[in-house]
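S.K.: Sequence and computational prediction follow.
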Amino acid sequence: MLFQSAGFLFLFLPVFLLAMYLSPKGIYRSVVLLLFSYLFYSGAEPFFILLLLASSLTDYTAAIRLHQANRLWVRRSWLLLSIAVNLGLLCFYKYGAWIMPYLSPYLERVGMPVPDPEFFTGFILPAGISFYTFQSMSYTIDVYRKQISPEKNLLGFCNYVAYLPQLIAGPIERFGHLAPQLRDLSLGRARPQWSAGMDRILLGVAQKLLIADSCGLVVDRVLGSNVTMDFITAWVVAVGFGMQIYYDFAAYTHIAIGISLLLGVRLQENFNSPYQATSIQEFWRRWHMTLSRWFRDYLYIPLGGSRKGQVRTTLNILVTFLLVGLWHGAGWNYLAWGVLHGLMLAGFRIKQQLLPGLTLNRYLAVALTLVCVHFAWVPFRVDDTVQIINIWSGMFGLNGFSGNVISIVDIIFVCLVLAGTLILPNAMKRWPGSAGWKESAAIASIACIAVIITPEVSKFIYFQF
């Protein structure tokens, strides 16, 4: 079930909210929350609930056991079990079909059984598995580091892992931030914020259906024609996809935050106008912020961060972004995207070390960052090497400058979306009524009309991650 669908907005969500508010405080409300979360998640495949339970039970048990243990090796063993189970589930479902052809020859040499090539083809990737495994793992790691105490309430912990609004695509919440709010929700101490919640939901619906999906149509139409990319067409494709994935993911985040506000729970913000960043470093402080902080806290800093010299820092950055790329998908194009960002960020840090006084005008800095980010978006969107080279060649003007293979309407639309993205303030700073209630009413009307007239509802891009 999709957030922006009429079935969810006009049936599932009202029933869910009504059930939450009518249920008695305490354990009953927690049970209702968990049941609706699992019901929502089981929409694609009921079996996926077992994966959620496996991750939840493993980390619940591991955290308690390692907290009780006195010996370091015992604590580490429980931590490694948690990490192994979570990453094992993730790798099996997400990377099995990609990795196995490369591993099969080596497995055969040592006499190990090799799965049939068709074994993975019937699998459906469990929605949100990359998100909830990382969220659940962060809890166990934080308990191991003695930053938080383990949760004794199994029901409360399962709700933390499977919390309905952010279960499929984040934000990736930390236990110390989300769990106390869910406890207050079950005890009736949470204070719903109806106007803010509805405003964010409707804003997300409008962004998804009218901006993200429209940009996606432009990009798909050009890529489906298999034309040689001239300068204008290549940049419209790259920028069009950059706008699509931003507004698609930001829209999901708006809706998730909005639904949660209706319950009185505040989720973390995930985007802060990333395309207004003046450097690649600032971009990653503004883009998918909860994932960036996860990799920073649980990988980059443990590897040594920037504390062990420039060479080690560069290596740590490259390793981190290689895994960031791999987190997004099983394919060499995602690895290439991660490596590109790693190289750009490492290059920026080296420049800061060698030429600290060299700064660009803000507008030039934003433009340069935009160019770099959208150059890297190409392999993220396209997995065919020939097509990637075709688009990159066009972006450098090697295929001409005509622009006659794309309509002027598409060009103007993508340019207007880009201009609005660079000028308008971020939604996280916006509150209903702050710009006048007429604006909120207009957004609500637009969102409702978009839901009604949209013939086919498309999935959010990050559902596949």
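M.R.: Everything's here; your move.
S.K.: what are the ranges of the helices in the stretch 51-200 of the chain?
M.R.: Shown for the stretch 51-200 of the chain, the helices assigned by DSSP state H, counting those that start in this stretch span residues 72-109, 129-144, 154-162, 175-187, 194-206.
S.K.: between the third one and helix 175-187, how many degrees?
M.R.: Regarding helix 154-162 and helix 175-187, their directions subtend 120 degrees when assessed with axes from the mean of the first three to the mean of the last three CA atoms, to 10 degrees.
S.K.: Ok, the last one next?
M.R.: Going by the same axes, to 10 degrees, helix 194-206 is angled at 120 degrees with respect to helix 175-187.
S.K.: buried sites along helix 194-206?
M.R.: Using 16 or more other CB atoms under 10 Å as the test for burial, helix 194-206 gives 196, 197, 198, 199, 200, 201, 202, 203, 204, 205, 206. For glycine as for every other residue, the C-beta is placed from the backbone atoms N, C-alpha and C.
S.K.: cool, the longest one as well?
M.R.: Within helix 72-109, the residues that qualify as buried are 75, 78-79, 81-83, 85-86, 89-90, 93-95, 97-98, 100, counting by 16+ other CB under 10 Å.
S.K.: Then the third one?
M.R.: For helix 154-162, the buried set under the neighbour-count rule, 16+ other CB under 10 Å, comprises 156, 157, 158, 159, 160, 161, 162.
S.K.: who are the neighbours in contact with the third one?
M.R.: Think residue 158. 34, 52, 53, 56, 60 (CB atoms under 8 Å, 6 or more residues apart in numbering).
S.K.: Roughly how far does it sit from residue 364?
M.R.: Noted for residue 158: a distance of 50 Å to residue 364, by CB to CB, to the nearest Å.
S.K.: same deal with residue 81?
M.R.: 51 Å.
S.K.: got it, and residue 79?
M.R.: 46 Å.
S.K.: Run the angle between the helix or strand harbouring residue 39 and helix 129-144 for me.
M.R.: Per DSSP states H and E: residue 39 is located in helix 27-41. Using the same axes, to 10 degrees, the inter-axis angle of helix 27-41 relative to helix 129-144 is 140 degrees.
S.K.: packing partners for helix 27-41?
M.R.: helix 13-22, helix 48-68, helix 154-162, helix 175-187 (3 or more CB pairs under 8 Å, 6 or more residues apart in numbering; DSSP states H and E).
S.K.: quick one: contacts of it?
M.R.: 1, 12, 16, 19-20, 23, 48-49, 52, 127-128, 155-156, 158-159, 162-164, 167-168, 182, 185-186, 188.
S.K.: Please repeat the previous calculation with a cut-off of 7 Å.
M.R.: Helix 27-41 is contacted from outside by 1, 16, 19-20, 23, 48-49, 52, 155-156, 158-159, 162-164, 167, 186, using CB atoms under 7 Å, 6 or more residues apart in numbering.
S.K.: From those residues, list the buried ones, please.
M.R.: By 16+ other CB under 10 Å, those give 1, 16, 20, 23, 48-49, 52, 156, 158-159, 162-164, 167, 186 as buried.
S.K.: Where is pLDDT lowest across these?
M.R.: Taken together, the buried ones among the contacts of helix 27-41 show their lowest pLDDT at residue 1, with 63.
S.K.: pLDDT value on the closest residue to residue 131 other than its chain neighbours, please?
M.R.: Nearest residue to residue 131, sequence neighbours excluded (CB to CB, 6 or more residues apart in numbering): residue 170, at 4.9 Å. If you check residue 170, the pLDDT there is 78.
S.K.: One more: residue 118?
M.R.: pLDDT at residue 118 comes out at 63.
S.K.: Can you give me the buried ones in the helix or strand harbouring residue 224?
M.R.: Residue 224 is part of helix 213-225 when elements are defined by DSSP H and E. Under the neighbour-count criterion of 16+ other CB under 10 Å, helix 213-225 has 213, 214, 215, 216, 218, 219, 222, 223 buried.
S.K.: any idea how far residue 303 is from the fourth one?
M.R.: Distance check for residue 216 against residue 303: by CB to CB, it reads 36 Å.
S.K.: what about the stretch 51-200 of the chain, any weak spots by pLDDT?
M.R.: Scanning the stretch 51-200 of the chain with the threshold set as pLDDT under 70 gives 101-102, 106-108, 111-124.
S.K.: rerun at 90
M.R.: 51, 70, 88-130, 167-170, 190, 193-200 (pLDDT under 90).
S.K.: what do you get for the stretch 201-350 of the chain?
M.R.: Residues of the stretch 201-350 of the chain that meet the cut-off, pLDDT under 90, sit at 201-211, 214, 223-230, 304-313, 326, 328-331, 349-350.
S.K.: Strands of that one, start to end?
M.R.: Along the stretch 201-350 of the chain, no segments are classed as strands by DSSP state E, counting those that start in this stretch.
S.K.: Helices of that one, start to end?
M.R.: Using DSSP H, counting those that start in this stretch, the helices of the stretch 201-350 of the chain run over 213-225, 231-263, 280-286, 289-295, 301-303, 310-328, 332-354.
S.K.: Tell me the helices and strands packed up against the second one.
M.R.: Other helices and strands packing on helix 231-263, by 3 or more CB pairs under 7 Å, 6 or more residues apart in numbering; DSSP states H and E, are helix 13-22, helix 194-206, helix 213-225, helix 362-381, helix 385-395, helix 408-423.
S.K.: helices and strands around the third one, which ones?
M.R.: Packed against helix 213-225 by the contact rule (3+ CB pairs under 7 Å, 6+ apart) you find helix 231-263, helix 408-423.
S.K.: how about the nearest residue to residue 221, chain neighbours excluded?
M.R.: Of all residues not flanking residue 221 in the chain, residue 410 sits nearest, at 7.5 Å (CB to CB, 6+ apart).
S.K.: For that neighbour, give its distance to residue 358.
M.R.: 37 Å.
S.K.: more crowded one of these two?
M.R.: residue 410 (20 against 8; other CB atoms under 10 Å).
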